[in-house]
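Undergrad: please find the sequence and the predicted model below.
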Amino acid sequence: MNIFGVLSMLGGLALFLYGMHTMGEGLTKISGGKLERILEKLTSSPLRAVCLGALVTAVIQSSSATTVMVVGFVNSGIMKLSQAIGIIMGANIGTTITSWILSLSGIESDNFLMQFLKPANFSPVLAIIGIFFIMFLNNQKKKDIGMILVGFAILMFGMETMSDAVAPLADVPEFTGILTMFRNPILGMLAGVILTAVIQSSSASVGILQALCATGAITYGTAFPIIMGQNIGTCVTALLSGVGATRSARRASLVHLYFNVLGTAVFMIGFYLVHAIVPFGFFDDVAGPMGIAVIHSVFNVVATLILLPFSKVLEKLAYISIPETEEEKQQKEMGTLLDERFLEQPAFAMERCKKVAMVMAETSKQGLLDAMSLIDHYDEKVARQVYRKEEEVDHFEDELGSYLVKLSAKNLSQQDAETLSMILHSISDFERISDHAMNIEESARKIKDHGIQFSDKAKGELAVFERIVKDILSLSVQAFVNENSLLARDIEPMEEVVDRMTKKVKKRHVKRLEKGKCTMEAGLVLNDLATNFERVADHCSNIGVCVIQINEDTFEAHEYLDTLDKGNNSWFHGKYEEYKKKYQLP
C-alpha cells in the first residue's frame, strides 16, 4: 500500500465521518425538538425507557449524542437518574442500526432488486434527490431531508473509498500480523476503546471495522474484542460532558461507563469460557460487514437484557462513586433551567428555550395581575409573591438571554432561528412588565399606608383601565406562546386605546382637582398607576410587533407602526373603534 493508498483511505474516513455528522444533523433538525418532548414525558417504566432510548438513538444515529442529552436532562433537573439509566441502555441498542445499514454493502446477487439494495448502488440516487431538495426547494423541512440524503450518500461513498483503499492490505504480511495481535482479548478491547474514544462515535468505529473486512484479514476472533472495546470507548463523550456539571449529571455519565464496562466484562467472560469448552466454528472465519453488525447488535441487546434488572445496582454504584451531599438533598428538585450540553443538539436546545420563555411570559403576566389586585385589597402575602415573581423573571432574562446568544451561533433551522429571534427580542419586554408590576405594588402600598381614597369617578375609570391592561397582556402572552401573528395584530389597536385612555384619565383628574373633588396625594398615585398601565401596554405592543415581524417577515417594525399611525389602514381603525367602544370610560 503506497502513500496514495493511505491518502485515499484517510480521505474515505474523512468523508465517512462527515457524512455521518451531516446525516445526524439533518435528522436532528427535522425532528424539531419532538424527541426531547418524548424523553421529557418518560415514565418510570425501565422497559419503556430502553425502547425510547433505542428509538431516539436510531433516529439521530448517535448513542453519544443521546447520552449527552440525558446527562443534560439530569443536570437540569428534568429527569431523575433512575429514568436516565433505561435510556442509556436503549441508546446502545439504537446505535447498532448504523452497522446494519452499512452491512448492506456485502450483498452478493445478480438480481437487479437485490443489487439495488446495496448502498453503493442506491446512494447516488439519494444524493441526486438530496441535492435537488437543497438547491431548488425553498421549504426548510425539504432542505433538511435533502441534508439527510446527501449525508447518507457521502457516508456510503466514504465507506466504499475506505474499503477499496484497504483491500490491498490483504497481501501485506505486516498488516495481517498487527491484526493477529488483536485476537488477544485485552489488546483487541483496548484497540476498540482507543479508536472510539478518539473519533467519539461507536457507530463510526464499527463502520471502520466493517470497511477493514474488505482486506479479508479480519476474523471473528479479531473483531469480537474490538467491538467490545468500542462500546466502552463511546463513554468518553458522556464523561467529558459531565465535567463541570452537577453531581447528578456526573453520576449519569458514570452509569453509562459502568453499564458498558460490566456488560463487556460479562459478555467477554461468558463468550471465552464457552469457546474454551466448546470451540466456536466461526471463530477463525473471515468476518463480513453483516457478521460485524450481528455481533454489535447481539452484544448490546444481551447486555441490556442481563443488566436491566440490575438498574438499581448501577444507580447505587453511581451514588457510591459520587456520594450525595446534604446540600444536594435539600436542593434535589432544583437545577438550572438550561444546560449547555443541549447546545450541541440545537433543535433540542430551542425546544427547551421555548418552554422557559413560556414560563417567563406567564410568570410576568401573573406578577402584574397580582400587583393590580393589590390596588383594591392590599395583602402582604400577595405583595411578597409580586416581589418573588419579579426576581424569577429577572433570573429568566439573564439565563435565557445569555443561552440564546450562544445558541444563535449554532446551525439552526430557519424556523428555529426565527423563534430564537422572537424570544430574544421579547424577553426584555416581559422583564420590564414585571418591573412595572413592582411599581404598581408600591402605589398600592401607598394607598394602604396613607389611607388614600379615590372618588367614585376615579374608581370607575381605574376599573376600565385595569380591564383593558389585563386583556392586552393576556392577548400578548397568548400570541407570543403560540407564535400567532393573527392574535398579535389585535394588540396595536388596543394599545392605541390605552394611550387615549391615559390622556383622558389624567385630564379628568386635573378637572376633579380644580373642583376640589380629589386630593393631590390621590392624584399623584392615580397618575403613577396610569403611567405604569400605559408602559405595560407599550411593551405588549413591542411583543406583538415582534411576533408579526418574525412570523410574516414582510416589514420592519417601525414601518409597520408608522403605517398604522398615518391612518392608511382601514382594518386597524375598524379594530380601534371596536375596542374604544368596548373599553368606554364611565
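TA: That came through fine. Numbers count the residues shown, from 1 in each chain.
Undergrad: could you check how far Ser402 is from Cys546?
TA: Here Ser402 is placed at a distance of 19 Å from Cys546 (Cβ to Cβ, to the nearest Å). Heads up, the C-betas are built off the backbone N, CA and C, glycines and all.
Undergrad: neighbour-wise, which of these two wins?
TA: Cys546 (21 against 11; other Cβ atoms under 10 Å).
Undergrad: element containing the closest residue to the more buried one other than its chain neighbours?
TA: Nearest residue to Cys546 in three dimensions, chain neighbours excluded: His425, at 4.6 Å (Cβ to Cβ, 6 or more residues apart in numbering). Assigned by DSSP states H and E, His425 belongs to helix 414-449.
Undergrad: and Leu368, by the same measure?
TA: helix 346-373.
Undergrad: and that helix, what's buried?
TA: Residues 346-357, 360-361, 363-373 are the ones in helix 346-373 that count as buried (16 or more other Cβ atoms under 10 Å).
Undergrad: packing partners of that helix?
TA: In terms of contacts (3 or more Cβ pairs under 8 Å, 6 or more residues apart in numbering; DSSP states H and E), helix 346-373 is packed against helix 3-31, helix 34-40, helix 380-408, helix 414-449, helix 456-482.
Undergrad: chain center to that helix: distance?
TA: Put simply, helix 346-373 sits 17 Å off its chain's centre (Cα atoms, centre = their mean, to the nearest Å).
Undergrad: touching, Ala458 and Val525? I think so.
TA: No: using Cβ atoms under 8 Å as the test, Ala458 is too far from Val525 to be in contact (9.9 Å).
Undergrad: which residue is nearest the centroid of this protein?
TA: Nearest to the mean C-alpha position of the chain, counting by Cα atoms, centre = their mean, stands Phe348 at 1.4 Å.
Undergrad: pretty sure that one contacts Phe342?
TA: Yes: the pair Phe348 / Phe342 is scored as a contact, 5.2 Å apart, by Cβ under 8 Å.
Undergrad: so for Gly233, which of the helices and strands packed on helix 346-373 sits nearest?
TA: Distance to Gly233, taken as Cβ to Cβ, is lowest for helix 3-31 among the helices and strands packed on helix 346-373, at 14.9 Å.
Undergrad: any idea how far Asn92 is from the residue lying closest to Arg247 once chain neighbours are set aside?
TA: Using Cβ to Cβ, 6+ apart and skipping residues adjacent in sequence, the residue nearest Arg247 is Ile322, 5.2 Å away. Using Cβ to Cβ, Ile322 is found at 22 Å from Asn92.
Undergrad: more neighbours: those two, which one.
TA: The neighbour count for Ile322 versus Asn92, taken as other Cβ under 10 Å, is higher for Asn92 (29 against 16).
Undergrad: what sits against the more buried one?
TA: With contact set as Cβ atoms under 8 Å, 6 or more residues apart in numbering, Asn92 has these partners: Thr57, Ser63, Asn231, Phe259, Asn260, Gly263, Asn300, Ala303, Thr304.
Undergrad: pull the CA atoms of the helix or strand where it lies into PDB?
TA: In the assignment (DSSP H and E), Asn92 maps to helix 81-94. Presented in PDB, the C-alpha positions along helix 81-94 are these (Å, rounded to 0.1, in the frame of the first residue of the first chain):
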ATOM      1  CA  LEU A  81     -31.000   9.300  37.400                       C
ATOM      2  CA  SER A  82     -33.300   6.200  37.700                       C
ATOM      3  CA  GLN A  83     -35.100   7.300  34.500                       C
ATOM      4  CA  ALA A  84     -31.800   8.000  32.700                       C
ATOM      5  CA  ILE A  85     -30.400   4.500  33.100                       C
ATOM      6  CA  GLY A  86     -33.000   2.900  30.800                       C
ATOM      7  CA  ILE A  87     -32.400   5.500  28.100                       C
ATOM      8  CA  ILE A  88     -28.700   5.000  28.300                       C
ATOM      9  CA  MET A  89     -29.200   1.200  27.900                       C
ATOM     10  CA  GLY A  90     -31.500   1.700  25.000                       C
ATOM     11  CA  ALA A  91     -29.100   4.100  23.300                       C
ATOM     12  CA  ASN A  92     -26.600   1.300  23.000                       C
ATOM     13  CA  ILE A  93     -29.200  -0.800  21.100                       C
ATOM     14  CA  GLY A  94     -30.300   2.100  18.900                       C
END
